[in-house]
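**Student:** A structural model of the following input is requested.
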Amino acid sequence: MTKNYDHTGQPAVTTNTQTIVRFLQDHVPFGQMEQTHQLYLADHCELRSFKAGDILFSPESGQVKRWYLLFDGEVKGIRQSASADHPDERFSLTPGDAFPVAALLGERPTRTQYTAATACQCLVLQIEPFERLLHASEPFRLFAFQGISPLLASLQQQAQAQAARIPGDDQSLDTPLQQLLTRTPVSCTPDTTLEAAVKLMHGHQVSSVAITDESGKLEGIFTLRDLRRVFADASVKRSDRISGLMTKTLHVLEARHSAYDAAMLMTRHHIGHVCIVENGHLAGVLSERDLFALQRVDLVRLSRAIRYADSVNSLQQLRSEMPRLVNSMLAHGAQAMQITALITQLNDHTTTRIIELMLASHGNPDIEFCWLAFGSEGRHEQTLLSDQDNGILFLVTAQLKPRLFARLFYPSPTISIRRWTNAD
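**Tutor:** Residues are numbered from 1 along each chain as shown. Presented below is the predicted three-dimensional model:
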């Protein structure tokens, strides 16, 4: 039976202050603090040891009055959901992670139970020196109130400094779409023939033509992708009206939206064009090439390549480009939530493609199932090194045969279960 902190945590063997200071210097934001503040933290904290399975504290422990910084080992957190429609949140903490900051600042109990996943040690700071450090150290204060922001700010400064040395690479992902619409959109009416529409695209050297009514209200779009589809259909004639061949399901934004919004929309739906509208009327068409003409953030291309990769090996090679992509996004002013949403989206595409490849290779298990994403993926908060909780929900029927379980959960002796997650 496990016990709470007051009975379980035992003082560790005396640790040299300089050892703690060196540990702080290796972790953001503590390494950005003045040395006097690092020494203050080291002198006023207590190193406590916990055994695997010990509960450091939980909602039942009452108001939080201590700040914890994991020194070594691993701690697991679980936050129970107040809604039956949402799963509990689970996460892992590793050395350099601090907790429970929000509860400590809010002078309330934590909503999370923290349990030692392995034997571990924590630097524990009482609330009084914690508050004094908040007032004395700006990096510490920013970390407490903004979480990961100081780390991203540091990385972003480095990335932006590097990008500044590259000509023409200074456009921000926060740029309003209005500033990217540099030309009048090419459009035609629904009665235009296929031949006339293609000539219009060729004459203006564009990869799409928007279809609008006489008042300028957007009705559809015809792109080079649509042209390839039409070319493969022998029944289509050059004289056919474009209204019957255009893409009617549109993904639109307004001019007030940002370049990041357009990039994520393209990534999510695997499209190369976004129509910009004002009050339902066409204001412009933004292509993938327009969006990234001045940036080296080849997000849409990577997303599409992942989504249609022909093998697991291809997926592995494509995903090796993700750190470069994140670095480029940082250089263009992307915020923490934008980056984690992007990584989550690419991980979703990876998981979807792996499942499709396994079904194509090993056959359909003849059972209805869906893939569930929990934790950081469900919250769109993944980083490049996030762990992953996934599950499979499948429909059990009386006709379900035992062999189907093996086919569903172990698709191949050469493909590990890890392949079915997106932790890589």
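
**Student:** can you list the weak-confidence ranges in this structure?
**Tutor:** Within the chain, the stretches falling below the threshold (pLDDT under 70) are 1-15, 81-89, 145-173, 292-298, 330-337, 386-388, 397-424.

**Student:** domain parsing for it?
**Tutor:** 5-147, 177-291, 321-420 (automatic domain parsing).

**Student:** Look at stretch 237-244 and report the distance between its end residues.
**Tutor:** Start and end residues of stretch 237-244 are separated by 11 Å (C-alpha to C-alpha, to the nearest Å).

**Student:** what's that stretch in contact with?
**Tutor:** 188, 190-197, 209, 211, 219-220, 222 (C-beta atoms under 8 Å, 6 or more residues apart in numbering). In this view, the C-beta of every residue, glycine as well, is placed from N, C-alpha and C.

**Student:** Residue 250 - how many residues pack around it?
**Tutor:** Residue 250 is surrounded by 17 other residues when neighbours are defined as other C-beta atoms under 10 Å.

**Student:** Then residue 48?
**Tutor:** Residues near residue 48, counting by other C-beta under 10 Å, number 20.

**Student:** tell me which element it is part of?
**Tutor:** Assignment of secondary structure by DSSP states H and E places residue 48 within strand 46-50.

**Student:** Listing partners with orientation, what would you give for that strand?
**Tutor:** Each strand that pairs with strand 46-50, with its direction, by DSSP bridges: strand 10-11 (antiparallel), strand 120-126 (antiparallel).

**Student:** returning to that earlier point: could you dump the domains of the chain to TSV with distance to residue 302?
**Tutor:** Compiled in TSV, these are given as follows (distance: least, C-beta to C-beta, whole Å):
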stretch	distance to residue 302
domain 5-147	27
domain 177-291	8
domain 321-420	6
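
**Student:** Could I get the full set of strands for the stretch 1-150 of the chain?
**Tutor:** Using DSSP state E, counting those that start in this stretch, the strands of the stretch 1-150 of the chain run over 10-11, 46-50, 55-57, 66-72, 75-79, 89-93, 98-99, 112-116, 120-126.

**Student:** buried set for the last one?
**Tutor:** Buried residues in strand 120-126, defined by neighbour count with 16 or more other C-beta atoms under 10 Å: 120-125.

**Student:** what's the angle from it to strand 66-72?
**Tutor:** 150 degrees (axes from the mean of the first three to the mean of the last three C-alpha atoms, to 10 degrees).

**Student:** Check the second one too.
**Tutor:** Between the axes of strand 46-50 and strand 66-72, defined by the same axes, to 10 degrees, the angle is 70 degrees.

**Student:** Could you export strand 46-50 as PDB, keeping only the C-alpha atoms?
**Tutor:** Output for strand 46-50, consisting of C-alpha atoms alone and laid out as PDB, is shown next (Å, rounded to 0.1, in the frame of the first residue of the first chain):
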ATOM      1  CA  GLU A  46      15.400  19.600   0.100                       C
ATOM      2  CA  LEU A  47      16.300  16.500  -1.900                       C
ATOM      3  CA  ARG A  48      13.700  13.800  -1.200                       C
ATOM      4  CA  SER A  49      13.700  10.200  -2.300                       C
ATOM      5  CA  PHE A  50      10.700   8.100  -3.400                       C
END
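
**Student:** Give me the buried stretch members for it, please.
**Tutor:** So, applying 16+ other C-beta under 10 Å, buried residues of strand 46-50: 47-50.

**Student:** going on from whichever strand or helix holds residue 325, what's the next piece of helix or strand?
**Tutor:** Element membership for residue 325, per DSSP H and E: helix 322-331. Next in sequence after helix 322-331, counting helices and strands by DSSP H and E, comes helix 336-362.

**Student:** list the buried ones in that next one?
**Tutor:** Neighbour count says helix 336-362 has 336, 338-351, 353-355, 357-358 buried, by 16+ other C-beta under 10 Å.

**Student:** quick one, what contacts residue 369?
**Tutor:** With contacts taken as C-beta under 8 Å, 6+ apart, residue 369 has the following neighbours: 392-395, 408.

**Student:** between the contacts of stretch 237-244, which is closest to residue 320?
**Tutor:** Nearest to residue 320 among the contacts of stretch 237-244, counting by C-beta to C-beta, is residue 222 at 35.6 Å.

**Student:** beta partners for the closest one?
**Tutor:** Beta-bridge partners of residue 222, counted by DSSP bridges, are residue 209.

**Student:** What separation do you get for it and residue 275?
**Tutor:** For residue 222, the distance to residue 275 equals 12 Å [C-beta to C-beta, to the nearest Å].

**Student:** Please tell me which one of the contacts of residue 369 counts the most neighbours.
**Tutor:** Of the contacts of residue 369, residue 408 is surrounded by the most neighbours, 17 neighbours in total, counting by other C-beta under 10 Å.

**Student:** distance between the ends of stretch 96-104?
**Tutor:** Across its full length, stretch 96-104 reaches 18 Å between end residues, using C-alpha to C-alpha.

**Student:** Straight-line length of stretch 248-257, end to end?
**Tutor:** Across stretch 248-257, the straight-line distance between its terminal residues is 22 Å, by C-alpha to C-alpha.

**Student:** what does that stretch contact?
**Tutor:** Applying C-beta under 8 Å, 6+ apart, the contact partners of stretch 248-257 are 176-178, 181, 218-221, 261-262, 265, 269, 271, 274-278, 283-284.

**Student:** go again using 10 Å as the cut-off
**Tutor:** Residues from elsewhere that reach stretch 248-257 (C-beta atoms under 10 Å, 6 or more residues apart in numbering): 176-181, 210-211, 218-221, 261-262, 265-266, 268-269, 271, 273-280, 282-284, 286.

**Student:** can you pull the contacts of the residue lying closest to residue 236 once chain neighbours are set aside?
**Tutor:** Excluding the flanking residues, the one nearest residue 236 by C-beta to C-beta, 6 or more residues apart in numbering is residue 230, at 5.0 Å. Taking C-beta under 10 Å, 6+ apart, we find residue 230 in contact with 194, 198, 222, 236, 238, 240, 242, 244-246.

**Student:** sec struct for residue 230, please.
**Tutor:** When the structure is split into helix, strand and coil by DSSP: H, G, I helix; E, B strand; the rest coil, residue 230 lands in helix.

**Student:** Residue 178: neighbour count?
**Tutor:** Residues contacting residue 178 under the criterion other C-beta under 10 Å number 14.

**Student:** Please apply the same query to residue 22.
**Tutor:** 13.

**Student:** Let me see the contact set for it.
**Tutor:** Applying C-beta under 10 Å, 6+ apart, one finds that residue 22 lies in contact with 16, 31, 38, 42.
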